[in-house]
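Engineer: Just the structure for this:
(one chain, ligands or ions: 1)
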Amino acid sequence: MNKLQPPISVRPELQKYKEYIPGLSIEEIKRRYSLTKVIKLASNENPLGPSPKAVAAYKKAAEGIFRYPESRSIDLRRMISSGFSLDLEQVIIGAGSDEIIELLAKTFLTPKDDIVVSASAFMQYRLAADLMGTNVITVPMKGMKHDLKAMAAAATKTTKFVFIANPNNPTGTYNSTSEVEYFLSVLPSQVVPVFDEAYFEYAVVKKDYPSMIDEFFNKRPMVVLRTFSKVFGLAGLRVGYGIAPEALVRAMDKIRQPFNISVAAQVAAEAAFYDSDFVNKSVKMNEEQKDVLAGELTKMGFSVVPSAANFLLFNVQPLTGHVVFERMLRRGIITRSVDEYELPEYLRVTAGTPEENKKFLQALKEVFEQK
Ligand SMILES: Cc1ncc(COP(=O)(O)O)c(C=O)c1O
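Structural biologist: Numbering: from 1, shown residues only. Model (predicted):
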């Protein structure tokens, strides 16, 4: 192995950078524990698999993969913009909504700016700011929810973005229409709120859940993020989208990789966008299975955080999330401990299929019976 020391070091902003820790893969756990069957309930993917319409389009696209993709994902942008009665120029497509979060940071944030997030907010906002050396103002959550009032009050003259995952990951909690309305009325006008709606299709069954695109987008400059990774079942393809004022889209488009969305990902996302049968079926199963899981976990004595997404967060004291996570791994079930969100006594589990959830609950019982 080449052990030569390179004469360069990483940027000073990155010296203390803590990377994102992704959920473990099924293959890795099979290998590590010599298991033949592993259930993954760690990354909030759709347990029913991908949208069948997307799979058909993906297969059909195979012959065309020797060509570079269309640079702007124009057909997908057109479909999304007309679906929401927006202008084409108000839509940006990213390799997952993660890419759009990073593009927002790379395009707009400097070491002189800051962003506001809540303490247990989805990690990528903080990481994107850290990448640019931007200060992060962290606001404690209130009852596991974003404290929108406190977040608006925390914004300073140098705040560019307030990031709000609604519902939030890893807590699953959401902020209501009236909370959001009040927040927007008191947020200083120079701040651009970013509403991350990765779990929108699951959350929208709640009557007081706000749809930012339909209800608020035209009222003040804001960014709304959505993804094909969750209910549409395309996490492995990496496609997300952002709705933003045209000037923001234009600036981000300038610096994004020219071919950021692959040929297959573009056509699969187009096919998935109107696969409402699959979305409805997925949301229905999620609602049922979340109820089953929450009910059983409560019976077992755990305190479960109410969730509007496709996962549940629950308190595993007197054990820690990490200990339970490790013990579950040995039983072939991948969940998620959330130490990095400063919730060491909690475990997050994605609502799986009925069979997966049964196995998860059985394994959890064994873990807590274990001395
Ligand atoms: C709140 C939230 N936003 C964004 C993402 C990123 O999704 P993707 O990059 O796959 O679109 C996730 C993924 O778990 C999430 O939970």
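Engineer: switch to C-alpha atoms for all contacts and neighbour counts from now on
Structural biologist: Fine.
Engineer: who does the closest residue to Ser25 other than its chain neighbours bridge with?
Structural biologist: Excluding its sequence neighbours, the residue lying closest to Ser25 (Cα to Cα, 6 or more residues apart in numbering) is Lys40, at 7.6 Å. Assessed by DSSP bridges, Lys40 has beta-bridge partners Ile334.
Engineer: interface residues of the stretch 51-200 of the chain facing the ligand?
Structural biologist: Within the stretch 51-200 of the chain, the positions near the ligand by Cα under 6 Å from any ligand atom are 96-98, 122, 165, 168-169, 196, 198.
Engineer: Equivalent analysis for the stretch 201-350 of the chain, please.
Structural biologist: So the stretch 201-350 of the chain meets the ligand at 227, 229, 235, 238, 240 (Cα under 6 Å from any ligand atom).
Engineer: Okay, helices next: where are they in the stretch 1-150 of the chain?
Structural biologist: Taking DSSP state H, counting those that start in this stretch, the helices of the stretch 1-150 of the chain run over residues 26-33, 52-60, 74-83, 97-108, 124-132, 148-154.
Engineer: For the fifth one, which helices and strands make contact with it?
Structural biologist: The reference is to helix 124-132. Applying 3 or more Cα pairs under 8 Å, 6 or more residues apart in numbering; DSSP states H and E, we find helix 124-132 packed against helix 97-108, strand 114-118, strand 135-139.
Engineer: ok, back up a step: residues near the residue nearest to Ser25, how many?
Structural biologist: Counted with other Cα atoms under 10 Å, the neighbours of Lys40 add up to 24.
Engineer: Assess the claim that it and Arg331 are in contact.
Structural biologist: No: in this structure Lys40 lies outside contact range of Arg331 using Cα atoms under 8 Å: 11.5 Å.
Engineer: if I pick the closest residue to Pro318 other than its chain neighbours, what's in contact with it?
Structural biologist: Closest residue to Pro318 apart from its sequence neighbours, by Cα to Cα, 6+ apart: Glu345 at 7.9 Å. Listed by Cα atoms under 8 Å, 6 or more residues apart in numbering, the contact partners of Glu345 are 315-321.
Engineer: Is it possible to mark the buried ones in these?
Structural biologist: Burial by neighbour count, judged by 16 or more other Cα atoms under 10 Å, picks out 315-316, 320-321 from these.
Engineer: so Tyr346 sits right up against Gly321, yeah?
Structural biologist: Yes: Tyr346 lies in contact with Gly321 (Cα under 8 Å); the separation is 4.9 Å.
Engineer: Tell me where the model's unsure across the stretch 101-250 of the chain.
Structural biologist: Of all residues in the stretch 101-250 of the chain, none has pLDDT under 70.
Engineer: For Val224, give me phi and psi.
Structural biologist: phi -120, psi 130 (degrees, to the nearest 10).
Engineer: how many neighbours does it have?
Structural biologist: Applying other Cα under 10 Å, I find that Val224 has 22 neighbouring residues.
Engineer: The one 3 residues further on too?
Structural biologist: Other residues near Thr227 number 28, with proximity taken as other Cα under 10 Å.
Engineer: In contact with it, which residues are there?
Structural biologist: By Cα under 8 Å, 6+ apart, the neighbours of Thr227 are 96-97, 197-198, 239-241.
Engineer: and Ala198, what is it in contact with?
Structural biologist: Ala198 neighbours (Cα under 8 Å, 6+ apart): 97, 165-167, 225-227, 230.
Engineer: Using TSV, lay out these together with secondary structure.
Structural biologist: Shown next, in TSV, are the contacts of Ala198 (DSSP: H, G, I helix; E, B strand; the rest coil):
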residue	secondary structure
Ser97	helix
Ala165	strand
Asn166	coil
Pro167	coil
Leu225	strand
Arg226	strand
Thr227	strand
Lys230	coil
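Engineer: from those, which would you call buried?
Structural biologist: By neighbour count, with 16+ other Cα under 10 Å, the contacts of Ala198 hold 97, 165-167, 225-227, 230 as buried.
Engineer: ok, Ile65 touching Gln266?
Structural biologist: No: using Cα under 8 Å, Ile65 is not in contact with Gln266, being 11.5 Å away.
Engineer: Who has more neighbours out of these two?
Structural biologist: Higher neighbour count among Ile65 and Gln266: Gln266, with 26 against 11, using other Cα under 10 Å.
Engineer: Are we agreed that that one is in a helix?
Structural biologist: Yes: using three-state DSSP, the assignment for Gln266 is a helix.
Engineer: pretty sure it is touching Ser71, no?
Structural biologist: No: Gln266 is beyond contact range of Ser71, at 10.3 Å (criterion: Cα under 8 Å).
Engineer: all strands for the protein, in order.
Structural biologist: Taking DSSP state E to define them, one finds strands in the chain at 39-40, 91-94, 114-118, 135-139, 159-165, 192-196, 223-227, 240-243, 303-305, 311-315, 333-334, 336-337, 346-350.
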